[in-house]
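A.B. asks: need a structure here:
(one chain, ligands or ions: 2)
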Amino acid sequence: MKKGIAASKGYAIGKVFVQEHEEIVITDSKVTDVAGEQEKLKKALDNSREQLEKIKAKAAAEMGEEKAAVFEAHITLLDDPEFTGAMNLEIETNSVNAMKAVDSVTNTFVMIFDSMEDAYMRERAADIKDVSKRIISNLAGKGGDAFAITEENTIVVAHDLTPSDTAQLDRTKVIGFMTNIGGRTSHAAIMARTLEIPAVLGLGDITTSVKNGDLVILDGISGDVIINPSEDVIAEYKAKKEKFTAEQEELKKLIDVKTTTKSGKRIEVCGNIGKPEDVLGVIANGGDAVGLFRTEFLYMDRDSAPTEEEQYESYKFVLEKMEGRQVVIRTLDIGGDKTLPYLPLPEEMNPFLGYRAIRLCLDRKEIFKVQLRALLRASVYGKLCVMFPMISGLEEFMQAKEVVEECKTELKAEGKAFSEEIQWGIMVEIPAAAVYADELAKHVDFFSIGTNDLIQYTLAADRMSEKVSYLYNPMHPAVLRLIKMTIDGAHKHGKWVGMCGEMAGDEAAIPTLVEYGLDEFSMSATSILTAKKIILEQE
Ligand code: PEP
Ligand code: MG
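C.D. replies: Ligands and ions are numbered 1, 2, ... in the order given. Below you'll find the model as predicted:
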């Protein structure tokens, strides 16, 4: 048995198909006909574009526009002067062959992305590698893609699966996949969850541990992979699979169900989003609202901050898609593990305790105001709640509200509309805010508990550290007390409390949180239906 990262829930029992991992040898050979080499590159880029357009159309039809967007990003890369322009320049100035030029420009870009601390950004290096692999394959005359799967019940095994590999999998034949590398936030994982195909990633050496035709069991819940299992084990997993499929079907019935406990308390089950398009996943999974929009993602993956107009369009898109259902948008939470290339931050010994989130925004008002103006302007399109991250005391909230007032005055003078119904809240993710909740609750409209940070600060256990992860325990009695204090503090003053940290979707924690009186749970879209089911079973 092998153990990897459980990346997409479900069970698959089938025959293995190992994706050829054919290495194309890239040489250092120089060229004399520079124009001819550039022409070859152009042809390879054109072929790549054509292939990607086809894959994009297939992905849009099978997985929806949201997931097809990644291929649009790939096509954009092909036209990006910084990327493909650099390849042409490399051929011209160093007389290298086209493949070598693609390879070295790719390596430079990948190095930049790989060195970023943010996991999401690091995963984006995979997009660049994917596009580059395609261009090189076209230069080598191998065409783009190779998945000649003819057998039903196939489990695809690959070193890594790029988004275009994943989009091309024939869903009538492929029932699961496993890879050597990749984690829960990799594209392969995200795609697998969208396609609802069970997947185990990061298995290390699975491509050499199995061969074509081997029978395997893939457990996308535990991350276990069993190679050539006995009849008994197969029977055991067949039963598990049947039970799981029945449960999933049952869960779909909850999409339109408004969640209430047995005693009749209505509880909102919402989705967290990072990009505007993610709202579609929240809707498809029956989310009541958006409980957290992490707006820093709008600021990442680019070389300058998004303008007021760009942000306004993003917020308006989400509000309109939610058709009057609540959308909680968090203002910029940068710093700590999230940095921006165009916003250099001072070196600090403890960036998680340093210049970040609301602290930075109150100091750099010119950045903060762009976002607040965009939020205010978008507010006329739906039910907007705005919250500030990393609030430690009342003063910060009051200062933030003052900046909001300044923006309102400006917008009025410019004749630009905004809603007076916006709710203003705070993230409770610093223990001080939890302890002081009953006082803060007099001034805010709502709280949202950010357990990802609250736990790390309460237990002094870095959320990124493997070494102290054994201390990072959501159910630690001290953490639970802080959560209870926050809920009680809010309710004392008639305010509602949500939770948008990972704990809100933790099946083991949900009953306790319901018992404490939490009003709103917000989690990744694919956890929503399971959470609804658990909440419906509570008193
Ligand atoms: C949290 O801290 O719980 C939270 C939701 O915010 P983030 O994970 O973005 O820090
Ligand atoms: Mg946080």
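A.B. asks: What confidence value was assigned to G183?
C.D. replies: For G183, the model assigns a pLDDT of 69.
A.B. asks: what do you get for S527?
C.D. replies: 86.
A.B. asks: Tell me the first helix or strand C-terminal of the host helix or strand of E439.
C.D. replies: Element membership for E439, per DSSP states H and E: helix 437-440. Remark: after helix 437-440, the chain's next helix or strand is strand 446-449, criterion DSSP H and E.
A.B. asks: Is any residue of that next one near ligand 2?
C.D. replies: No - judged by CB under 5 Å from the ion, strand 446-449 makes no contact with ligand 2; its nearest approach is 10.0 Å. Any C-beta I mention is one placed from the backbone N, CA and C, and that applies to glycine too.
A.B. asks: So what are the sheet partners of that strand and their directions?
C.D. replies: The strands beside strand 446-449 in its sheet (DSSP bridges) come out as strand 423-428 (parallel), strand 496-499 (parallel).
A.B. asks: Pipe those into JSON lines and attach mean pLDDT per row.
C.D. replies: Shown next, in JSON lines, are those (pLDDT from 0 to 100):
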{"stretch": "strand 423-428", "mean pLDDT": "98"}
{"stretch": "strand 496-499", "mean pLDDT": "98"}
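A.B. asks: okay, those strands in JSON lines with distance to ligand 1 and mean neighbour count next?
C.D. replies: Converted to JSON lines, the strands paired with strand 446-449 look like this (distance: least, CB to the nearest ligand atom, whole Å; neighbours: other CB atoms under 10 Å):
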{"stretch": "strand 423-428", "distance to ligand 1": "7", "mean neighbour count": "25"}
{"stretch": "strand 496-499", "distance to ligand 1": "8", "mean neighbour count": "26"}
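A.B. asks: Let me have these in a markdown table, adding distance to E520 as columns.
C.D. replies: Converted to a markdown table, the strands paired with strand 446-449 look like this (distance: least, CB to CB, whole Å):
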| stretch | distance to E520 |
| --- | --- |
| strand 423-428 | 11 |
| strand 496-499 | 3 |
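A.B. asks: The residue nearest to K383 when sequence neighbours are not counted: what's it in contact with?
C.D. replies: In space, and not counting its chain neighbours, K383 is closest to Q326: 4.7 Å by CB to CB, 6 or more residues apart in numbering. Shown in contact with Q326 (CB atoms under 8 Å, 6 or more residues apart in numbering): 268, 270, 288-290, 383, 385.
A.B. asks: quick one: which of those sit in strands?
C.D. replies: 268, 270, 290, 383, 385 (DSSP state E).
A.B. asks: Whichever of the residues you listed end up buried, select them in PyMOL.
C.D. replies: In PyMOL syntax, the buried subset of these is picked out as below (16 or more other CB atoms under 10 Å):
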select buried, resi 268+270+290+383+385
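A.B. asks: Enumerate the residues of this structure near ligand 1.
C.D. replies: Proximity of the chain to ligand 1, by CB under 6 Å from any ligand atom, involves residues 292, 294, 333, 429, 450-453, 500-501.
A.B. asks: Buried ones among those residues?
C.D. replies: Neighbour-count burial (16+ other CB under 10 Å) applied to those gives 292, 294, 333, 429, 450-451, 453, 500-501.
A.B. asks: restrict those residues to those near ligand 2?
C.D. replies: Counting by CB under 5 Å from the ion, the members of those near ligand 2 are 429, 450, 453.
A.B. asks: I'd like these written out as CSV, with pLDDT added.
C.D. replies: Below are those laid out as CSV (pLDDT from 0 to 100):
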residue, pLDDT
E429, 97
G450, 96
D453, 93
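A.B. asks: Are there helices or strands packed against the longest helix seen in the chain, and which ones?
C.D. replies: If you go by DSSP state H, the chain has its longest helix at helix 34-63. Helices and strands touching helix 34-63, by 3 or more CB pairs under 8 Å, 6 or more residues apart in numbering; DSSP states H and E, are helix 65-78, helix 86-94, helix 98-114, helix 119-139, helix 163-168, helix 187-195.
A.B. asks: Next, format the ones you listed as a markdown table and append distance to I358 and mean neighbour count.
C.D. replies: Formatted as a markdown table, the helices and strands packed on helix 34-63 follow (distance: least, CB to CB, whole Å; neighbours: other CB atoms under 10 Å):
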| stretch | distance to I358 | mean neighbour count |
| --- | --- | --- |
| helix 65-78 | 30 | 18 |
| helix 86-94 | 38 | 17 |
| helix 98-114 | 28 | 19 |
| helix 119-139 | 21 | 21 |
| helix 163-168 | 35 | 24 |
| helix 187-195 | 29 | 23 |
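A.B. asks: Put together a markdown table for those, with mean pLDDT and distance to T409 on each row.
C.D. replies: Formatted as a markdown table, the helices and strands packed on helix 34-63 follow (pLDDT from 0 to 100; distance: least, CB to CB, whole Å):
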| stretch | mean pLDDT | distance to T409 |
| --- | --- | --- |
| helix 65-78 | 83 | 38 |
| helix 86-94 | 91 | 46 |
| helix 98-114 | 87 | 41 |
| helix 119-139 | 80 | 36 |
| helix 163-168 | 71 | 46 |
| helix 187-195 | 70 | 42 |
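A.B. asks: which stretch among these comes nearest R364?
C.D. replies: helix 119-139 (21.1 Å; CB to CB).
A.B. asks: The closest one: what's the following helix or strand?
C.D. replies: Moving toward the C-terminus from helix 119-139, the first helix or strand encountered (DSSP H and E) is strand 154-158.
A.B. asks: which residues does the closest residue to S263 other than its chain neighbours contact?
C.D. replies: If the residues on either side of it in the chain are set aside, S263 comes closest to E539, at 5.5 Å by CB to CB, 6+ apart. Contacts here follow CB under 8 Å, 6+ apart; on that basis E539 touches 261-263, 515.
A.B. asks: which two from the residues you listed end up farthest apart in space?
C.D. replies: K262 and E515, at 12.2 Å, using CB to CB across those.
A.B. asks: Pull up the overlap in contacts between these two.
C.D. replies: Joint contacts of K262 and E515 (CB under 8 Å, 6+ apart) are 538-539.
A.B. asks: before we move on, back to that, same list, the ones next to ligand 2 among the buried ones among the residues of the chain next to ligand 1, but as a markdown table with distance to V282 please.
C.D. replies: Converted to a markdown table, those look like this (distance: CB to CB, whole Å):
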| residue | distance to V282 |
| --- | --- |
| E429 | 22 |
| G450 | 18 |
| D453 | 22 |
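A.B. asks: Using CSV, list the CA coordinates for stretch 372-389.
C.D. replies: Taking Å, rounded to 0.1, in the frame of the first residue of the first chain, the C-alpha atoms of stretch 372-389 are listed here in CSV:
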residue,chain,number,x,y,z
LEU,A,372,-12.7,51.2,-0.2
ARG,A,373,-14.0,53.4,-3.0
ALA,A,374,-14.4,50.4,-5.3
LEU,A,375,-16.3,48.5,-2.6
LEU,A,376,-18.6,51.5,-1.9
ARG,A,377,-19.3,51.9,-5.5
ALA,A,378,-20.1,48.2,-6.0
SER,A,379,-22.3,48.1,-3.0
VAL,A,380,-25.4,49.2,-5.0
TYR,A,381,-25.4,45.9,-6.8
GLY,A,382,-26.3,43.6,-3.9
LYS,A,383,-26.0,42.9,-0.2
LEU,A,384,-22.5,43.9,0.8
CYS,A,385,-20.7,43.3,4.1
VAL,A,386,-17.1,44.6,4.5
MET,A,387,-14.7,43.3,7.1
PHE,A,388,-11.2,44.3,8.2
PRO,A,389,-8.6,41.7,8.8
